[in-house]
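[1] this one's sequence-less:
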């Protein structure tokens with residue numbers, strides 16, 4: 001996934017420039033900022049969603065908060081737990097980082113958390129309903145939302161003054 005993301009960078013940059021140019025011609029107040037935010041938001045979130053919705057081999061549901069997370073920490077190798085937890089923190093990080101930059105309506109941690117939690121819950125329900133052989137866990141929703149909020153915190157200086 002990392003290799004694909006790096007290879008997609010030139011196309012993403014071109015898309016952002018073309019989108020900014022189009023918005024600029026239409027009199028948009030911040031064409032480049034919003035175009036970059038849109039492209040980063042989509043390009044940074046879509047690959048994770050694609051990966052999460054690919055078929056797996058283990059159909060499980062974990063509805064009790066923090067139990068699945070504790071199992072990952074205690075039962076997995078440290079590297080496996082790091083990848084699992086880190087990956088879940090990154091799923092909606094691009095969304096959390098760019099959504100408040102993109103739109104003043106989402107320029108709060110609560111708004112970012114609400115959008116990320118809704119998106120994450122939707123993905124977890126889809127994994128279960130579509131019988132993809134994946135683990136649907138409330139802890140994934142918690143980690144996905146936390147990752148989005150942490151990413152919003154990182155970009156706060158770009159959107160908090162608006």
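    Cool, the structure landed. Just so it is clear, the structure is predicted and the values come from calculations on it, not from any experiment.

[2] Can you name the next helix or strand after the helix or strand of the chain with the lowest mean pLDDT?
    In the chain, no helix or strand scores lower on mean pLDDT, DSSP states H and E than helix 2-25, which sits at a mean of 90. Toward the C-terminal end, the helix or strand that comes next after helix 2-25 (DSSP states H and E) is helix 31-52.

[3] orientation of that following helix relative to helix 2-25 in degrees?
    150 degrees (axes from the mean of the first three to the mean of the last three C-alpha atoms, to 10 degrees).

[4] Any buried residues in stretch 111-122, and which?
    Under the neighbour-count criterion of 16 or more other C-beta atoms under 10 Å, stretch 111-122 has 111-113, 115-117, 119-121 buried. Heads up, the C-betas are built off the backbone N, CA and C, glycines and all.

[5] for stretch 39-58, what is the average pLDDT?
    Averaging pLDDT along stretch 39-58 gives 94.

[6] follow-up on the earlier one: next step: the buried residues of stretch 111-122 restricted to helices.
    111-113, 115-117, 119-121 (DSSP state H).

[7] Name the nearest of those residues relative to residue 38.
    When those are compared for distance to residue 38 (C-beta to C-beta), residue 115 wins out at 14.5 Å.

[8] if I read this right, the closest one contacts residue 98, doesn't it?
    No - counting by C-beta atoms under 8 Å, residue 115 sits too far from residue 98 to count as a contact (11.3 Å).

[9] Residue 32: which of the buried residues of stretch 111-122 is nearest?
    Distance ranking of those against residue 32, using C-beta to C-beta, places residue 112 first at 21.9 Å.

[10] Surely that closest one and residue 96 touch.
    Yes - counting by C-beta under 8 Å, residue 96 is a contact partner of residue 112 at 5.0 Å.

[11] Find the residues that touch each one of the two.
    Applying C-beta atoms under 8 Å, 6 or more residues apart in numbering, one finds that residue 112 and residue 96 are jointly contacted by 148-149, 152.

[12] ok, and the most crowded of those residues?
    Neighbour counts for the shared contacts of residue 112 and residue 96, by other C-beta atoms under 10 Å, peak at residue 148, which reaches 30 neighbours.

[13] Pass me the low-pLDDT residue ranges in this structure, would you?
    For the chain, residues meeting the criterion pLDDT under 70 lie at 1, 162.
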